Every structure is written in structure tokens, then in C-alpha cells.
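*Asks:* Here is a sequence together with a model predicted from it:
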Amino acid sequence: MTNKRKHLIDAFRGGNLIVTAYELSHGSEENRNTISALLSDLHNKGDLDLIEAYSRLKMNESGGVDFFLARQLFENALPTLSAPVEEVMACVQHLAREAGYDLAANSVFEPFIGYLLADKTRVSQALAAIKDSPNKWSGFVCPVLLAGAQEDIEDYFGHAVDLTSHEISDVCINAVYALGKISYPDTSLLPEQAIELVEKIALEEHDDGVMGVVIKTASSLARLDDSLVEKARNAMLNALKNGSDQALHAASEEFGFHSNVLPDRILDLIISSFPRVKSENRGSIKNIDFGISRLLKKGDYDRSIECLETVLQSNAEELNVKIFNSVINEILTGDPNNLSKLLTRWFYKGDRVFCTAVTDIIGHIHGNQISLEIDVEGLPDTDPFTLIFIARKAIGYLFFNPITVVSIIISLLRSTKEGKAMKDLEELLLNPVLFNYPGAARQFLADRIPKESKPVATIIKSALNRLDDYQDNLRHIGEIPELHPTLLQREASSRKFSQEMSESYKQAMKGSIVELIATKSVLLYGRTSVNYIQQGPSDATRMEIPMKKHSVEMDFPMRHNLDPFGVDYMLRVFRAETLV
Amino acid sequence: MKLIIKQYLSSLKERNELDALMPDILSQMGLNVFSKPGRGTRQDGVDVAAVGSLDGGLEKVYLFSIKAGDLTRSSWDSDSLQSLRPSLNEIRDSYIPNRLPKEHKNKQLVICLCFGGDIQEQVRTSVEGYIEQNSSENVVYEEWNGDKLAELIQAHFLREDLLPNDSRPLLRKALALLDEPEASFGHYVKLITGLYKYAVDDSSKKLTSIRQMSICLWILFAWARDIGNLESAYLSAERTLLFSWDLTKEEFDKNTKVAKGVQGAFNSVLTAYFQVANEYINSKILPHVGVNDGLSSAVRPSSSKDVNLKLFDVVGKLAIYGLWTAWRSVTATQQEDRQALVQQARSVSNSIKLLISNNPVLYLPLKDDQAIDIFLVLLQLITSGDNAKDIKVWLTEIIDRARFAYEGNGPFPCTIRDYASLIKHPRRGDEDYRKEVTEGSLLYPVIALWAALLEDDEIYGKVAKFKKECLQHCNFQLWYPDDYTEKHFYTNTDLHGSVLSNVPVEYPQEEFLKVIRDECKHAQHFEELSAQAKGFWPLILVGCRHYRIPVPVQFTQDINEDASEQKINLEQEVDV
């Protein structure tokens, strides 16, 4: 202990206190807490000036230490620190600004609140500093009000209300924000006063930043008390009407983090604003993604999908479902019925943006192709025409997933007894699916025969027999060397293919996690790599790594070579069709 | 070389092959062939008869009875009418007393047992015994087996001093690379170009050169047939036909002995060409036209472009085959033969229609110059059978797909010819590229022309609309022969012909046709082309297909409004 103290003091005198403290705190939470306590104690005894040292800490010049871990030592020490309020405020402000746009940038304010509460006079000093220099200290409005509210809620609520009409926008914004963050006692009437004030601000103000914070505050208050929901909704309605990107972003944040607990009326209001979200505002889009996935997890399928549809449709040219990673993940790993319901719904609608989304979602599945079924109950009708329409959509959009297509068609066969419809489905099964994918799709169908009802099994057998006839006819032709491409043509094709594969591989490797976490080393020969790992000056361990073969197999549509235009055209027609 | 020739001889069939070859060999040896193979059974046992003196000896009459391959027990003496021994008996009992020309009755008769292979040992004693028993002072027997024939061919056709330099190695290379038709054909072209140049300026060498071309073609064909790949043989047959025509054309109207010899040699080449084409079409193509995706899948493509290139090539060849059949139906001397050939030509049209409907890649050409193959097909369909409706369906599909592909950045028809560039076509999203590779077109004017001929407003309107809305930068053009064409067409030694640019598809159909026809009147050179003038018009189509030259629009001059079944007018019948 004594050694560490001496170390730290010497380090402070040498100008490298933070580096030393960081090194001493390595290894465990306990170490960090111990060093933080030491730093606080040494500062309070005057052996070092922690404020001065941390006021010089910079993100890009931290002397090899992790900025946030180093800052955390200060954060741990702050609540017990004895230092003038404004000096602490300056240091805290510096550390928050240095963190930039990192999500953890403002985490230093939480211990600052602890620092304020450690001495009754500090809150009022901080507030006075804010009032004296509002431009300089506007960022402290919220933490100071929150700290003050813990001491005297009525008084500091009043200060907050006053500050909401301050001439400086940042002060207003932070004051309004604080109204939503105050921990109100259960029986307090203050939340109602707060929401009424927020309602008024939403009506009277037009500043986008203010509207954003109104939305956040209204949302917080609505979650606090059901009786405030309507007023909160009103406030948010007006804020969304009067605001623009920042308001929408705030709404998306509320949706993203609280969609599973927000009241339905407020949820629906927020969702209705999403068509205005610009596709380039990726932060807002990510929040929406997260919010929808929460709704799905909660089981609110209809609302979540309607929300997704709203966003996709309003930005059809710019947005793509691939951005909605959380949603996709939830659809694929959550309730297994969700994907069937979704593809049924979207194929029935037939809109390009939704059907393409189905392709993208299924494209996220790696490994073996999945078997899917139509959600018959989700279909508005099981008219034969509708079933054929859906089968054609499935082919058009999932053509490169033949097992998936075949499984969908089988589920459509099960849902009808109408002879013509079944025959039409058989035709689609045969051409284009089986004609293009006579391998895996054929095997899948053959395996299904004993598991299906007699009518469905009959259709499958008929399709397979016709496929056999088609293939037998082709095999019967034998070799006609006169028709084969020449040697030069084969070589040219091979060269082109190699170039394309090489280019495709390079593109795929860019930004790949393999390149991020590993260094590449090329072996020209052999199948095992031998390396020696130095573990000391004269200690090397031999390591042998056998290489494994890695390959990917995919089915390629056979008729793509025989009639490329025909296949492409057919898929385009299937994709473009709509129900009238 | 002798082994190569022996191999070739042993594989020849009796009818239309070995018996077609013998007259050329005998003529080249200096004999006068006075009887050639006829249709049906032997003429009293004699396939070929010739008279003359060999090696400076007395003039004799040579009577040949021909069999294919080895002489076996069954081909020597069995119940079959085609057995050799009964034929030899017929010669002795019937031909010599009744059919031998009077002027030759006093000459020594040599009855030749002629076969492409060898006498098998088990039958040798019988043969020798027969010869022993039946020989007399006046009638002797000789064995002309594969070995002897090979020596004669080598001595009279392929002797080093008779051939340009490197000819033998080129023939060997052409044969060795038959599995790679492009390479094989390349060597063959060098070979016959050498033979051609040897004789082109010296009439006295033409006869030998053409016969040499014929022999080389036969050798190539026999070997190609043996290994099962006729592609090089087909291309070589086309080239040989065209080159030999170029050597023959000036001799065609003459009556001299040499001229007649040259005409005869050309007919041998034509016969060889027909054999190759027959074999190619009948064994490789026709059996499979009715199979859905049949020929497409037989291409074994490395890229989707391969199927397209090959199928248009095949349909062009099939069309040429049909057009020659139609030509033969007009030139045939027997009514029965005419009718059979007319039926055959119609059958080819039906096969073409099946080929197209079962191989949908034929609904969209990839290269603009596939308009040549399309033109040939249309000519065939319009001349043999009631096919106007099918033509319209096909052309509609082509123009619809071409436009869709162009606008949708699919594989639209382009002017690229180089394969390496073609497999990268199209470059999506590059508007400059799209314009560059459609700066000129033969295809769309051809479609417009046929639409106008068939009075189809819809198809014609589609072409006009496409031009107006998408292809304003494209020079729609049609080709006409000019005064250079006759000199260079058959050998492709230089550019020739003139192009009617900016063909006005925006005009109404009648005015459009008038422009085309008026240009035909200006460009009289088509009628002056020797192949057209002398009645061998299909040769022009062969040249167009082979050298990728547009088909002259003059071929459509006789197509009238009805267009139900058209006749091709010949100016003269040709003796073949």
C-alpha cells in the first residue's frame, strides 16, 4: 500500500500520474477500486491534484493507456473527492468532450452527481455557476437538477421549470430533459405538472432540438404513470409536427429502447412518424431496427411487421431490410412461425420491396437451405389463383433457394384440393424448379413422398417421373463432340471465371472479420504449417497446424446456360406480377 | 502417308464413297472412264469401267467390281446380291458379251477386284482358285486392294512434286487434331490454300489440284467419321467446295477435254461435300431436334454464350442442307427423285421448326451476324413448306426479346465477334458500351425486310419503334455484292460488296421494300456472280455462312405476297 502511494505521488510529480495509476489498476475490478480510492485520498490530502492531472488527459495522447479505463479511475474517485465545484465541473466537461461521440461519453456525469450529493452546498454552487455562465455550463443543467431533486425535489423542480424558458436553447433542452429524468415520489403531483409544461412547450416552440427532448421527456413521463399517457401523446404529437430530424431521432430512440414497454397509443404515434425518417439517418434507422426486434420478442407480431413495412415502403429506393439486423435475427431465431407468416403476408401483397426483403432475410441463413411453409391461416383467401400467384412469387424471389421454394409449393399443394390448381402447381414444380435443380430439389421431394397425403404425393411422383423422362431423353442423346466449345473457348471461359472468382474473393475479404483479427500468411506448398513460438529469450515452442480443406457447394440453375434469357425473363415476370 | 491413306480407304463405304473415288483415281492415272457407278444394283457386275494404257503398255479395258473394306468370306460369296463372286460371274456372262462397247471388244480385258482393305486369308485360296479357273488370254484378273490404291493415290495425287511445300505435314496435322476442330481446320485451310494457289493461274494444273483437294477432303472426312467428330470435316468441305468452284468457274461453259475433266472433278468435290453434310446432319442433328433442350444440353457449355453460338451455327447448317436439297430436287432428272427430295426439303423445314421450339436459346441471337443464319433459315422455311406463320412467330419472339434484353441490360445482340469479349457481354450500367456494341446492325433490317415481305405490320412496327426509341445511333444496313465480289467471294481474299446504310425502317413497308429493290437494280453484280449465273446459287449461301458475309437480299426477290410456298428459279439445269 505504502509503495503504491509513493508511486502515485512520484508519478504526479513526474507528470505521468494517469499512466502509473492505469498500470497499477490493471487486472481486476478490485485493483481499480483500490487505486481510485487511493487517488481520492491522496488528492484530498493534498499530495496530488487529481483534477489538474485529469484536465490534461486527451483521447489521442493518453500515453498508451485506454482513455475510458483511465477515465473510469477518475469516475470512481469523483464522488469522494474534495475539490471546488467549478474546477470539478471544468474537468468533467473536458473528459466528456474528449470522449467525443462515443456512447459512453457522458457516463462521467453519473459520478458527478454523486460528487454533488456528497456536500449539501455543492448543488447550489453548481446551479449558481450555471446561472452565471449558462453558455459555459449548459451541459450540467440536467445532472445538477437531478442531484438537486434528490435533496429538495420541489425546489429543484421549480428551478427546472424556470430553466425550461431560458433564452439559451441548450439550457432549455437540458432542463426539459431533466424533467423526464427526475425520480418522482409515487404520490407526487409533479409529473403531471411536468407533462403539462412539456405539452405547452411542444405547442409553442419550434426548435428541433427542443422538440426532440420534449419527446424523450414525454415518453419517460408516460412510462411513469398511465394517467399521463394522453398528455404525453399530445405533447409528442405536437413535437413531431413541429420538429424534424432531431425530433424523429428522439422518437426512434424511445422506440428503440422502450418499444416493449411504451403504451400502445404512444407506440402507434411514434410508428406513424417513421415514414418521415430519412434513409441517410442511419442512427435513427438502427433504433427502429432495435425497437422492432423488441416488439417481435414481446410477441407483438402485427405491430412490429406493420412498422417495418411502413419504414421500408417510405424509403423503397434507399432502404433495404438488410440494414435491420436485429429484426432479421429475431425473425430467424425467435418464434419459428414468424418467418412463415411474414413470407405469406409479403408474397400475398406482392410489392417488390417486401418480396425482396424476404429474399434478403432468407439470404442471411448460412449452411443448408431451410424448409418453409405458407401460413394458410394468414392468407385472406385460398383461391387457386392466389395459391399459384404465391408459388410464382416464391419462385421469382427465392429461385436460388430451390429447397425453400419446393417446400413452399408443397405447403401450397396441401392447402388445396382443387384439381387444376394442383396441376398448375405441379407444372411450376417441374418447370422451372426441377428442370433447373434436378439434384437437391429432387432428393428433397423424393423424401417427402411417404410423409405427404395421397393427393400431394401423387403430384410429387408425377413431377419426378416427368423429370426422369426429361433427363432420360437428354442422356439418350449422348456425346456430340461437334457441338462442344473449342479448346480456345474453354480456356477463355476458364480464365474469365478465375478472374471473377479472384475479384469476388478479394471483395469479400475486405472488411471481413478474418482480416480484422488475424494476420494473413500464404503457404505455397504442403498441408501443414510449422511455426516456432518464442516464449522467452531461449525458449521456443514448436507448433504444428494442419490445414483443412474448405469448400462451398451451391446448386446452379441448369437452364441458365440453356436459355439464360428465358429464365431471367420468367423470374422478372413472376416478380413483377400483382393480384388485381 | 501411305498408312494414313490406307486407313482412309479401308473406312470408305462402297456406295458413293469408294465407287465415287475410283473414277478420279483412274482419270488421274490417264485412263478414260467410260462407265461410272449408277443407281440401284450393279450394271451387270461392273461399277466402274475405264480404258487406257498404264505404264506405257498396251491399251486395255479395266472393269472394276468394288467392295468396301476387307474382302471376307461373306462379301466374296454369299446369297447377298452384293457379293463379289456373283458380280464377277455377271461380268463374264453378261457384261462382256452384251454391254462392252464395240470399240473395246478387241482389247484385253482386265477384271479388277477392287476393295478398300485386304483379302482375308481364309478366302484367299478361293479367290485365287477362281482367278486361275477363269483367266484366259483375253481376260485377266487383278487385285486392286487398299495397299495398291494407297500407292496409286500417293503416286498420282499426293506425290511430293505434285504438291506445294508442307502439304503432307499439314494434312497429317489436320488429321491428328480432329479432336480439336478449330486447330484441325486451320491446318486444312493452309493445305488447300496451297493447292489452290498452285493452280489458280495455270489452267493445266486445275484438274489435278481439284482432285487433290477432293482426295484430301475424303481422307479428312473418313478419319473424322472414325473418331466421331465431323466438325472439322464439315468446315473443310465448305471451304474445299468454295475454293474448287473458284478454280472451276471459268471452265464451266467450255467443252474441251480439260474443261470437262475439271467439271467432273468439281462434281466429285460437290459429292464429297454432300456426303459430309449428310453425315453431319443426319447422324448428329436430326435425330435430336425433337428433344426438349436436347441439342442445347449436348453443347456441354463452359458459358451460356456457348449454347447460343453453337445452336445458331447448327440451325444455319441445317438450313443450308435444306436449301441444297431443294436445289437438288429441281436439278434431279428422275421424277421419283424430285418428289423424294421435295419431301426431304419439307422435312428439313419441320426439323428446323422443332429445333427452334425445343431450344429456346434460338429466340434471341447474341451476335448481330447471326442474322446470316436467321436469313438462311427464313429462306429455307419460305421455300419448303407452308411456314409463314411459324416465321412470324419466330421473328416476333426475336424482336421482343432483343428489345427487352437491350433495355434491361440483358445479353442483347451485339457486334462483338471476339469470343473473349463476348463472354463478358453485356457490361451492365455502361451506356457508352451499350451504344458502342450496337453502332451497326444487319439483324434488325433483316427482320424488317422479312416482316415487310410477309406483310406483317406488327413485327415491322416493332422494329421501327425500337429504332426510333432506342437505336437512333445504330446504322441499320444491308449488304449487296459489287464488282469485287466475284473475284474475292469464294476465297475470301479481300473485302468486297457494298452496304446500303441507314435502311429506312421508319418508312411504310411498301416504300421500305422499294428502296431495297431499287438498290438491287443498281447492284446488278449479284446476277453476274458465277455461282448464280451457272445455277449453283446455294454456293453463294455456303460462302455467306462460311465467311460470315450477309446473304444478298436479291435472294428474296421472288418472294411474293402469298408466300405460302415459293420456288427458287434456276436459270439453267445443271448436270451433276
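*Replies:* Nice, thanks for sending it over.
*Asks:* closest point of the stretch 251-400 of chain B to chain A, which residue?
*Replies:* Nearest to chain A in the stretch 251-400 of chain B, going by CB to the nearest CB, is B:S302, at a distance of 3.5 Å. C-beta here means a position set from N, CA and C on the backbone, and glycine is covered the same way.
*Asks:* my read is that residue is in a strand, agree?
*Replies:* No: counting by DSSP: H, G, I helix; E, B strand; the rest coil, B:S302 is not part of a strand but coil.
*Asks:* since we're on the closest residue in space to it that isn't next to it in sequence, how many residues are nearby?
*Replies:* Spatial nearest neighbour of B:S302, excluding adjacent residues (CB to CB, 6 or more residues apart in numbering or on different chains): A:S493 at 3.5 Å. If you count neighbours by other CB atoms under 10 Å in any protein chain shown, A:S493 ends up with 19.
*Asks:* my guess is A:L24 meets A:H7, correct?
*Replies:* Yes: the pair A:L24 / A:H7 is scored as a contact, 6.7 Å apart, by CB atoms under 8 Å.
*Asks:* So the two - more neighbours on which side?
*Replies:* A:L24 (20 against 16).
*Asks:* pretty sure B:V503 is in a helix, no?
*Replies:* No: if the criterion is three-state DSSP, then B:V503 is coil and not within a helix.
*Asks:* Please name the residues that touch it.
*Replies:* Residues in contact with B:V503 (CB atoms under 8 Å, 6 or more residues apart in numbering or on different chains) are B:445, B:448, B:476-478, B:512, B:515-516.
*Asks:* The residue of the stretch 251-400 of chain B closest to chain A and B:G186: what is the separation?
*Replies:* Distance of B:S302 to B:G186, computed by CB to CB, to the nearest Å: 21 Å.
*Asks:* again, but for B:V348
*Replies:* For B:V348, the distance to B:G186 - CB to CB - is 30 Å.
*Asks:* go on, A:P134?
*Replies:* Counting by CB to CB, the gap from A:P134 to B:G186 is 90 Å.
*Asks:* Repeat that for B:A319.
*Replies:* 25 Å.
*Asks:* So between the two, which is more surrounded?
*Replies:* Neighbours per residue, other CB under 10 Å: of B:A319 and B:G186, the larger number sits with B:A319, 24 against 17.
*Asks:* mind showing which ranges of the stretch 51-200 of chain A have poor pLDDT?
*Replies:* For the stretch 51-200 of chain A, applying pLDDT under 70 flags the ranges A:62-63.
*Asks:* mind listing what A:R122 touches?
*Replies:* With the criterion set at CB under 8 Å, 6+ apart, A:R122 makes contact with A:85, A:115-116, A:147.
*Asks:* could you redo the last one with a cut-off of 6 Å?
*Replies:* A:85, A:116 (CB atoms under 6 Å, 6 or more residues apart in numbering or on different chains).
*Asks:* residue boundaries of the helices in the stretch 201-350 of chain B?
*Replies:* B:203-227, B:231-248, B:257-280, B:294-298, B:304-331, B:335-358 (DSSP state H, counting those that start in this stretch).
*Asks:* pLDDT score assigned to the residue lying closest to B:Q477 once chain neighbours are set aside?
*Replies:* Leaving out its chain neighbours, the residue that sits closest to B:Q477 by CB to CB, 6+ apart is B:V499, at 4.8 Å. Looking at B:V499, its pLDDT reads 93.
*Asks:* Wasn't B:V499 part of a strand?
*Replies:* Yes: applying three-state DSSP, one finds B:V499 inside a strand.
*Asks:* wait, isn't it in contact with B:N475?
*Replies:* No: if you go by CB atoms under 6 Å, B:V499 and B:N475 don't touch, sitting 8.5 Å apart.
*Asks:* Now chain A against chain B: closest residue?
*Replies:* Using CB to the nearest CB, A:S493 is the residue of chain A that sits closest to chain B, at 3.5 Å.
*Asks:* Might you report the residue contacts of that residue?
*Replies:* By CB under 6 Å, 6+ apart, A:S493 lies in contact with B:302-303, B:423.
*Asks:* how about those in a markdown table, adding neighbour count?
*Replies:* Formatted as a markdown table, these follow (neighbours: other CB atoms under 10 Å in any protein chain shown):
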| residue | neighbour count |
| --- | --- |
| B:S302 | 19 |
| B:S303 | 22 |
| B:I423 | 19 |
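*Asks:* mind checking how far the nearest residue to A:M570 once chain neighbours are set aside is from A:V567?
*Replies:* When the adjacent residues along the chain are set aside, A:M570 lies closest to A:P432, with 6.4 Å between them (CB to CB, 6+ apart). For A:P432, the distance to A:V567 equals 7 Å [CB to CB].
*Asks:* Could you do A:S220 as well?
*Replies:* Distance from A:S220 to A:V567, by CB to CB: 56 Å.
*Asks:* Helix, strand, or coil at A:E544?
*Replies:* From three-state DSSP, the assignment for A:E544 is strand.
*Asks:* Nearest spatial neighbour of A:V530, chain-adjacent residues omitted?
*Replies:* Using CB to CB, 6+ apart and skipping residues adjacent in sequence, the residue nearest A:V530 is A:E544, 5.3 Å away.
*Asks:* Now do A:E61: how many residues are near it, please.
*Replies:* By other CB under 10 Å, the burial measure for A:E61, its neighbour count, is 10.
*Asks:* residues in contact with A:K461?
*Replies:* No contacts exist for A:K461 under CB under 6 Å, 6+ apart.
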